[in-house]
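Enquirer: Quick one, what's the 3D model for this:
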Amino acid sequence: MLKFDCGHLESLDARLYNFESIDPLHNPKLASFNQTLAHELGIKVENEAEFIALHNGEYIVEGSKPYAYAYAGHQFGYFVPKLGDGRAINLGALNGQHLQLKGAGRTKYSRDGDGRAVLRSSIREYLASEAMHGLGIPTTRALSLISSDTPVQREQVERGAMVIRTTSSWMRFGSFEFAYLGKAKTQKIQKLADFVIAQNYPHLQNEPDRYTQLYQNIVQSSADLIALWQSVGFVHGVMNSDNMSIIGETIDYGPYGFMESFERNFVPNLSDYTGRYSYENQPIMAQWNLINLSKLFKLITNSIKVDEVTQSFMPQFKRTYTSKMQQKLGILEPNKNDRALIKSLLDALQADNIDYTLFFYYLSQDNQEQLNTMAKASLTPWLTQYQERVSNTPLEQRKALMQQHNPKYILRESMLNAAIAKANQDDFSGINELLHIIQNPFDEHQGYEHFLEPSPRIMGCSCSS
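Expert: Sure, this is the predicted structure:
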């Protein structure tokens, strides 16, 4: 029998959360269940109807006290003091993971929102989080997805849905920004820092300089995360500070996109008119959010050390990114010239309009026929330069390294759109087919090569969800 734990709330400032009631969906249907994650959590579903009732909020598990978090945030550069879980309701913790319903109805923090999520965006979040996990990138996870007959008004009427998301912490940069508001700023920020340390960085609890070390962990994990995003061509779309995790995970999958043809200015979000959160800008925007967070940590620890830690972000990002790209290229003995080699490759991929994922996949397979087909004016001389660089490394050693770091499959828009179209007709087979593939993106999956086809050129995704 499942039993959730909400005891962590006792050590959290009461202003940071509010107990809520879940608003169930009408005629819920289980669209997908993530057996892999369920096994990790120790969840066994023996009665599907009972699980659907739990997922739909009709059945509250022992120990659960549904609640929503408050947070603030810098949204597209502007500070918004009152945000929070407007449509996400937390159920409690299970084996160190905090389970949350997204689309469970209005909360204290909904403002003008309806508290709902539509099937389209729920499928996108469900699959994206598992795709990122399959790629080895820190992320929230998705346990299950339900559809329903509840109508939800967006640009048009769509079906309401809910996803159960999990993570070891839902604290965000924006949580600290909210704690800063009002009186006793220093005490509230310190209390929140102690909470985060106890929950996610317990090894720091007895350290005399624990707040500086906490901030350093946040900076380093954020730098590593963005480097991994860049290495696979993932663009989050809305890198506001309320969408930045305090534990360095990818959270809140809205108008994201996996870049197909390489394009430094790729923006998946139709609302991002200026390209603030483009592929190329993601490291800069993460650093910008950290600079704002650093101002709050200066209230509770040495400001000079905090500045030094903030300045370490970009060197840390570059180290991790360069190392990852060297692995993708099968470089076993790195040298200082590799950064120039990587840059010239990206220049060539953009100039020749080449699919980013497929290029690295064919390179890792040493598929000269496909590489020669791709190669145009810019890539051809680069391939010659690359062969010279790796000429002293046996091919099989290079391939073994590359095949661990270059997936065959990413979550392309065409794949998502096909699964969504089926789901709107109560056919969830497309979701579950994709789930299997993206959880194992480095495998060959014979018979699914049609998922390698580039998506039709699109402008981006809507924020409406």
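
Enquirer: residues in contact with residue 85?
Expert: 68-70, 100, 107, 109 (CB atoms under 8 Å, 6 or more residues apart in numbering). (Each C-beta comes from the backbone N, C-alpha and C, glycine too.)

Enquirer: For residue 398, give its distance to residue 345.
Expert: Applying CB to CB, to the nearest Å, the value for residue 398 to residue 345 is 15 Å.

Enquirer: so what secondary structure elements neighbour the helix ranked longest in the chain?
Expert: Longest helix of the chain, by residue count under DSSP state H: helix 210-232. In terms of contacts (3 or more CB pairs under 8 Å, 6 or more residues apart in numbering; DSSP states H and E), helix 210-232 is packed against helix 185-200, helix 282-297, helix 303-311, helix 313-328.

Enquirer: Redo those as CSV? Include mean neighbour count.
Expert: As requested, these are exported to CSV (neighbours: other CB atoms under 10 Å):
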stretch, mean neighbour count
helix 185-200, 18
helix 282-297, 20
helix 303-311, 16
helix 313-328, 18
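
Enquirer: and those as CSV, adding mean pLDDT?
Expert: Output for the helices and strands packed on helix 210-232, formatted as CSV (pLDDT from 0 to 100):
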stretch, mean pLDDT
helix 185-200, 96
helix 282-297, 98
helix 303-311, 98
helix 313-328, 98
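
Enquirer: Off-centre distance for the longest helix of the chain?
Expert: Chain-centre distance of helix 210-232: 14 Å, with CA atoms, centre = their mean, to the nearest Å.

Enquirer: So for it, what gets flagged as buried?
Expert: Residues of helix 210-232 classed as buried by neighbour count (16 or more other CB atoms under 10 Å): 210-232.

Enquirer: who does the next helix or strand along the chain from it pair up with?
Expert: Scanning forward in sequence from helix 210-232 by DSSP states H and E, the next helix or strand is strand 234-235. Sheet pairing for strand 234-235, assigned by DSSP bridges, gives strand 257-258 (antiparallel).

Enquirer: Contacts made by the strand it pairs with with the rest, please.
Expert: Contact partners of strand 257-258, identified using CB under 8 Å, 6+ apart, comprise 131, 232-235, 237, 266, 268, 357, 410-413, 460-461.

Enquirer: low-confidence ranges in this protein?
Expert: 1, 457-464 (pLDDT under 70).

Enquirer: Could you identify the longest strand within it?
Expert: In the chain, with assignment by DSSP state E, the single longest strand is strand 141-153.

Enquirer: That one pairs with which strands, and in what direction?
Expert: Strand 141-153 sits in its sheet next to strand 29-33 (antiparallel), strand 157-167 (antiparallel), going by DSSP bridges.

Enquirer: Dump the C-alpha coordinates for the first one into CSV.
Expert: The one in question is strand 29-33. What follows is strand 29-33, C-alpha atoms only, in CSV (Å, rounded to 0.1, in the frame of the first residue of the first chain):
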residue,chain,number,x,y,z
LYS,A,29,-8.6,7.4,-19.1
LEU,A,30,-5.0,6.1,-18.5
ALA,A,31,-3.1,7.1,-21.6
SER,A,32,0.3,5.9,-20.5
PHE,A,33,2.0,4.4,-17.5
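
Enquirer: Off-centre distance for it?
Expert: Taking the mean of its C-alpha atoms, strand 29-33 sits 22 Å from the chain's own mean (CA atoms, centre = their mean).
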